[in-house]
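**Q** Sharing a model that was predicted from the sequence below.
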Amino acid sequence: MRSGADVIVLSDDYAGNESLFFSPAVFRTFLRPRLKRMVDAIHDEGGKAVKHSDGNLWPILEDIVNTGIDGLHPLEPVAGMDLAEVKQKYGDRVCLIGNVDCGYVLSEGSLEEVEAAVKECMRKGAPGGGYIISSSNSIHSSVQPENYLAMIAATQKYGKYPIDLAAPGA
């Protein structure tokens, strides 16, 4: 923060697509206190903290949000992280980031599938603000450049507030 950063991404993966890498009790005993200290230190310096973790975070999602994080990434749909449900439960407490599938849609999907995925993510995540469109993990080597560019173009086309995906052409 002292070097000019506004946001720090805390990047530890806690889960795979099916389950956590450890029990919720282990998270609460050993990891949550440390995550909370890091978030507090970032806030003390005037910054924002974004937590990145792949996988199915449902068993510890309340604990993660309760650390005071400002953003949560990547919300993987293949891991059961339904953007609409996360938005409904936590969207008033944390900025949601991600959910455009990078496994199939950005890697193998058509340009039309990319645009449809962006619009669906916006439908689920954008109402009321607090959502940043992004991939469901990273822009890895299997992502097709034209699909990445289509994600950006669809975001620019549909992602201006107030978002109205029911409008003509949406």
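**A** Nice, thanks for sending it over.

**Q** Report the residue spans of the protein with pLDDT below the cut-off.
**A** Low-confidence segments of the chain, defined by pLDDT under 70: 166-170.

**Q** Pairing partners for the closest residue to V9 other than its chain neighbours in the sheet, please.
**A** Closest residue to V9 apart from its sequence neighbours, by CB to CB, 6 or more residues apart in numbering: V50 at 4.7 Å. Quick note: C-beta positions are derived from backbone N, CA and C, even for glycine. Beta-bridge partners of V50, counted by DSSP bridges, are V9, G71.

**Q** What about V50, how many residues nearby?
**A** Using other CB atoms under 10 Å, V50 has 21 other residues around it.

**Q** I figured it was touching H73, is that so?
**A** Yes. With contact defined as CB atoms under 8 Å, V50 counts as touching H73 (5.9 Å).

**Q** what touches both of the two?
**A** V9, I97 (CB atoms under 8 Å, 6 or more residues apart in numbering).

**Q** Next one: the closest residue to H73 other than its chain neighbours from V50, what distance?
**A** Distances taken as CB to CB, 6+ apart put I97 closest to H73, at 4.0 Å, once the chain neighbours are dropped. Counting by CB to CB, to the nearest Å, the gap from I97 to V50 is 7 Å.

**Q** ok, now Y148?
**A** 20 Å.

**Q** which residue ranges form the strands in the chain?
**A** 7-11, 48-52, 71-73, 95-97, 131-132 (DSSP state E).

**Q** Let me have those strands in a markdown table, extended by distance to E112.
**A** Shown next, in a markdown table, are the strands of the chain (distance: least, CB to CB, whole Å):
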| stretch | distance to E112 |
| --- | --- |
| strand 7-11 | 31 |
| strand 48-52 | 29 |
| strand 71-73 | 25 |
| strand 95-97 | 24 |
| strand 131-132 | 22 |
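
**Q** among these, which is nearest Q156?
**A** For the strands of the chain, proximity to Q156 was assessed by CB to CB; strand 131-132 is nearest, at 13.5 Å.

**Q** so what secondary structure elements neighbour the closest one?
**A** The elements that strand 131-132 packs onto, with contact taken as 3 or more CB pairs under 8 Å, 6 or more residues apart in numbering; DSSP states H and E, are strand 95-97, helix 111-125.
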